[in-house]
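A.B. asks: Predicted model follows, preceded by the sequence.
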Number of protein chains: 2
Amino acid sequence: MQPDRLSLTLSAIADPTRRAILMRLMDGEASVKELAAPFEMSIPAICKHLKVLEGAGLISRGRNAQLRPCRLEAKPLREAVGWIEEFSKFWDTSLNRLDGLLERLQATDPDSKKN
Amino acid sequence: MQPDRLSLTLSAIADPTRRAILMRLMDGEASVKELAAPFEMSIPAICKHLKVLEGAGLISRGRNAQLRPCRLEAKPLREAVGWIEEFSKFWDTSLNRLDGLLERLQATDPDSKKN
DNA sequence: CAGTTAGCTAACCGATTGGTTAGGAAGTGA
DNA sequence: TCACTTCCTAACCAATCGGTTAGCTAACTG
């Protein structure tokens, strides 16, 4: 069963390497080599991550001489935001007050951050 | 390397079965059997999904006789919303106009939809 | 007590994931 | 032409994922 678009998007951004790549692309287009630089992994590994991101529609690729620059695409993530915000809405209406209360209670704890 | 909390959350909701379970839990607590009913898979399979959701902190479990009811938990998904909204913000400010332009350009296609 | 119900773990399986190395294609430029 | 750079695919590998069945515990019920 091929996964639906939302699942594709979410599993694409579930990987920290791929999120870091997306963050980097917020500063503008970048080549594969530039994207790979911060990581301790091979170029082909980065290529695979880029393929996943492209498959989810989160990036698109251009062509400039030998370079195949990547840039961000907006739409699919909007859908993900939509889904998650369904839940936000639910929690905002029914759980926010309890949530705030809990945080306040934890804040009264002197300095032990055990959670 | 154990994954960070955000990755845990996102990969938990990347699965359509688990999203359906969360949706169901928006209507209130439910037992494992109740949660399993709509699906064509075995109870142990559902148990595994519940374990993933619990591991991500998205649900918690109670105890009532033989039942071990599940309920939603709010916090981890908030973090996910936060991360994704970082991107929304970026796109809203810098890409929306380009986005609209591109859609208009694609709309040179015969009769196409507006939004 | 015996029998039923709810839920779990263990062991197993095939498919997918996330990485590697090797090697090749395509473009640049001496 | 030849060398170099950039990026890709192919093949492989270990680990994880998503499901199964079998069998167990714990709690209710007759």
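C.D. replies: In hand now; what should we look at?
A.B. asks: What is the neighbour count of A:Ala14?
C.D. replies: Counted by other Cβ atoms under 10 Å in any protein chain shown, the residues lying close to A:Ala14 total 20. Backbone N, C-alpha and C define where each C-beta goes, glycine included.
A.B. asks: Centre-most residue in chain A?
C.D. replies: The centroid of chain A falls nearest to A:Ile13 when counting by Cα atoms, centre = their mean (3.6 Å).
A.B. asks: I'd like to check which residues are in contact with it.
C.D. replies: A:Arg19, A:Leu22, A:Leu58, A:Leu77, A:Ala80, B:Leu10, B:Trp83, B:Ile84 (Cβ atoms under 8 Å, 6 or more residues apart in numbering or on different chains).
A.B. asks: Count the neighbours of the first one for me.
C.D. replies: Counted with other Cβ under 10 Å, the burial measure for A:Arg19 works out to 19 neighbours.
A.B. asks: Which residue, other than its chain neighbours, is closest to it?
C.D. replies: With Cβ to Cβ, 6 or more residues apart in numbering or on different chains as the criterion, A:Arg19 has its nearest non-adjacent residue at 5.7 Å, and that residue is A:Ile13.
A.B. asks: The one you found and B:Lys75, how far apart?
C.D. replies: Using Cβ to Cβ, to the nearest Å, one gets 19 Å for the distance from A:Ile13 to B:Lys75.
A.B. asks: Next: A:Gly55.
C.D. replies: Counting by Cβ to Cβ, the gap between A:Gly55 and B:Lys75 amounts to 30 Å.
A.B. asks: now do A:Pro16
C.D. replies: Counting by Cβ to Cβ, the separation of A:Pro16 from B:Lys75 is 19 Å.
A.B. asks: Over to A:Gly57?
C.D. replies: Summarising the geometry, the distance separating A:Gly57 from B:Lys75, computed by Cβ to Cβ, is 29 Å.
A.B. asks: Listing request: residues of chain A with sub-threshold pLDDT.
C.D. replies: Scanning chain A for pLDDT under 70 picks out A:1-2, A:87-115.
A.B. asks: all helices in it, in order from the N-terminus.
C.D. replies: A:5-13, A:16-25, A:32-36, A:43-55, A:75-94, A:96-107 (DSSP state H).
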